[in-house]
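Trainee: Generate coordinates for the sequence data below:
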Amino acid sequence: MNLEFNKNEDINKQLLFDLQTRLKKVHAGGGEKATAKQKEKGKMLARERVSYLIDKGKPWLEIGAFAGDGMYTEHGGCPSGGVVCGIGYISGRQCVIVANDATVKAGAWFPITAKKNLRAQEISIENRLPIIYLVDSAGVYLPLQDEIFPDKEHFGRIFRNNAVMSSSGIIQIAAIMGSCVAGGAYLPIMSDEAMIVDGTGSVFLAGSYLVKSAIGEDVDNETLGGATTHCEISGVTDYKQPNDQACLDSIRNIMSMVGDYTKAGFDKIEPATPKQAEKEIYGILPENREKPYDMKEIIGRLLDNSDFEEYKAGYGQSIVCGLGRVDGWAVGIVANQRKVLKSKKGEMQFGGVIYSDSADKATRFIMNCNQKKIPLVFLQDVTGFMVGSRSEQGGIIKDGAKMVNAVSNSVVPKFTFIIGNSYGAGNYAMCGKAYDPRLIYAWPSAKIAVMGGAQAAKTLLQIQESAMKAKGEEISQQKEEELLKQITDRYNSQTTPYYAAARLWVDGIIDPLETRKVISMGIEAANHAPIEKQFNVGIIQT
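Mentor: Numbers count the residues shown, from 1 in each chain. Model prediction:
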């Protein structure tokens with residue numbers, strides 16, 4: 001171990017500590033007062049319900065923990081988007097779980113809440129996983145209703161998905177464990193089965209105050225839509241449970257009787273741990289995002305037995321491709337090489353840049369993995385495609401388009417990890433969020449933007465200076481430096497993984513040592529959904 005390794009290790013462990021600190025704050029939900037109110041009603045908290053429901057000793061993969069982070073500050077914030085989502089095991093069966101957090105604005109739906117719920121349903125649909133809804137929500141957050149109500153990707157899309165999922169045979173079980181009002185009432189009732197907790201659960205299109213205002217009827221909420229009403233009179237709900245624990249036990253019991261599923265058939269053998277120490281990743285990954293390092297050193301610490309069957313090792317070296325296994329599952333790796341390289345022709349290639357030969361190699365490898373039915377894992381640390389007259393004349397746009405085409409039309413499941421930089425078209429070619437990875441996570445070291453901060457800031461400064469000069473304003477050296485700092489700080493704040501995670505551009509931020517877990521659970525989930533579409537890239541220039 002050298003000084004550089006130790007320095008990198010210290011920096012990356014500090015980033016990990018920051019991540020854990022932020023997660024603790026997020027897990028606190030709406031705070032102590034709101035938590036106390038839920039406890040006074042005899043209710044479990046959202047995360048307590050999830051913890052009680054899932055199998056002990058089995059992994060839990062949270063989706064969107066940082067959704068809403070730093071957003072809606074004028075409305076008091078919306079930690080975790082007011083809902084807890086993830087993939088867990090219930091009676092041995094992998095499921096998606098969605099639990100409203102009633103400590104956050106009584107579980108009301110913000111725009112990011114709808115986006116997060118839709119992401120959970122998307123994961124359920126893509127992988128044909130059962131989905132469990134633990135409902136406890138006051139409905140749409142009215143001050144922001146125009147941002148959540150009418151559009152295609154808004155609140156109503158969730159109920160449309162309920163119907164489509166049911167018709168596709170995807171199991172949906174809803175537990176009404178608190179308030180369930182107005183449009184939100186449709187979610188549990190459009191599920192295949194609905195249960196309700198006596199005394200705390202209620203479901204109605206309009207609460208007692210609105211009923212009084214609308215038609216002049218005096219009625220209490222329990223009579224209007226409580227457990228007795230819906231289990232014994234209306235027949236809207238299927239099971240009546242005395243408390244939260246009994247309700248969750250009932251879900252576990254139902255899931256224990258679900259039949260087996262047709263598998264996609266991804267190859268798996270006996271798992272093995274990497275021979276190279278996983279914790280050394282902290283020392284390998286540089287503090288400075290521009291510094292070179294060998295991506296193969298990272299790959300060796302992610303694969304079983306550190307075995308890597310590299311594809312076209314001597315060609316297109318700025319992308320590393322090859323086969324290996326993670327927790328026994330066969331995977332194809334596509335990763336940006338960050339070393340400064342020298343080709344056989346004596347040409348220098350800069351780390352993190354995609355060249356024509358690299359794009360060509362990656363395209364062929366992706367096609368091979370689709371032919372062999374091997375899931376793909378993308379490890380992003382990319383600054384974009386190579387530019388300049390030589391690259392343009394060599395057809396970099398055509399070769400980049402071929403790679404994007406192969407990624408877009410890939411039918412095997414894809415999993416993306418943003419390790420470092422994720423800039424511009426490099427984000428697209430390496431299977432960014434727009435290219436439908438089954439799961440996409442960032443490491444704390446990630447940077448996501450259209451270009452690097454220094455280049456972007458200088459470009460933005462030039463635009464701002466031109467606008468000021470057009471108005472006749474003089475710009476001193478000091479003023480220019482102040483503007484550059486303001487622009488750089490603002491831009492850099494938008495490139496952090498937390499900014500991306502808040503907006504669900506990534507499913508979360510993880511400790512690098514959790515990468516193997518995400519891949520393994522992700523492929524197990526994908527194995528629920530047989531591949532029905534043939535791989536075809538359409539019209540692609542050769």
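Trainee: Return the set of buried residues in the lengthiest helix in the chain.
Mentor: Using DSSP state H, we find that the single longest helix of the chain is helix 3-27. By neighbour count on 16 or more other C-beta atoms under 10 Å, the buried set for helix 3-27 is 8, 9, 11, 12, 15, 16, 19, 22, 23, 26, 27. The way it works is simple: take the backbone N, C-alpha and C, and place the C-beta from them, glycine included.
Trainee: Now tell me what touches the next helix or strand after it from outside.
Mentor: Using DSSP states H and E, the helix or strand that follows helix 3-27 in sequence is helix 32-40. Residues outside helix 32-40 that contact it (C-beta atoms under 8 Å, 6 or more residues apart in numbering): 28, 29, 44, 45, 102, 103, 104.
Trainee: ok, so what distance separates the residue nearest to the third one when sequence neighbours are not counted from residue 433?
Mentor: By the measure of C-beta to C-beta, 6 or more residues apart in numbering, the closest residue to residue 44 outside its immediate chain neighbours is residue 244, 4.4 Å from it. Residue 244 sits 35 Å away from residue 433, going by C-beta to C-beta, to the nearest Å.
Trainee: if you count what's nearby, which of the two comes out ahead?
Mentor: Ranked by neighbour count (other C-beta atoms under 10 Å), residue 244 and residue 433 place residue 244 first, with 24 against 19.
Trainee: I'd say that one and residue 41 touch.
Mentor: No: using C-beta atoms under 8 Å, residue 244 is not in contact with residue 41, being 10.2 Å away.
Trainee: what sits in contact with each of those two?
Mentor: residue 200.
Trainee: who does residue 323 bridge with?
Mentor: Beta-bridge pairing of residue 323 under DSSP bridges involves residue 309, residue 332.
Trainee: Residue 61 contacts residue 518, doesn't it?
Mentor: Yes: if you go by C-beta under 8 Å, residue 61 and residue 518 touch, sitting 6.3 Å apart.
Trainee: which residues do those two both contact?
Mentor: With C-beta under 8 Å, 6+ apart, residue 61 and residue 518 have common neighbours residue 439.
Trainee: Please save the CA atoms from stretch 254-261 in PDB.
Mentor: The C-alpha trace of stretch 254-261 is given here as PDB (Å, rounded to 0.1, in the frame of the first residue of the first chain):
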ATOM      1  CA  ILE A 254     -50.700 -15.300   1.600                       C
ATOM      2  CA  MET A 255     -47.300 -15.000   0.000                       C
ATOM      3  CA  SER A 256     -46.200 -18.300   1.500                       C
ATOM      4  CA  MET A 257     -48.900 -20.000  -0.700                       C
ATOM      5  CA  VAL A 258     -48.100 -18.400  -4.000                       C
ATOM      6  CA  GLY A 259     -47.000 -20.900  -6.700                       C
ATOM      7  CA  ASP A 260     -43.700 -21.000  -8.500                       C
ATOM      8  CA  TYR A 261     -43.000 -18.800 -11.600                       C
END
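Trainee: Would you map the strands across the stretch 401-542 of the chain?
Mentor: 414-423, 439-442, 447-449, 508-509 (DSSP state E, counting those that start in this stretch).
Trainee: rank these by pLDDT, which is bottom?
Mentor: For the strands of the stretch 401-542 of the chain, mean pLDDT drops lowest on strand 447-449, to a mean of 92.
Trainee: tell me which helix or strand of this protein sits lowest on mean pLDDT?
Mentor: strand 348-349 (a mean of 63; mean pLDDT, DSSP states H and E).
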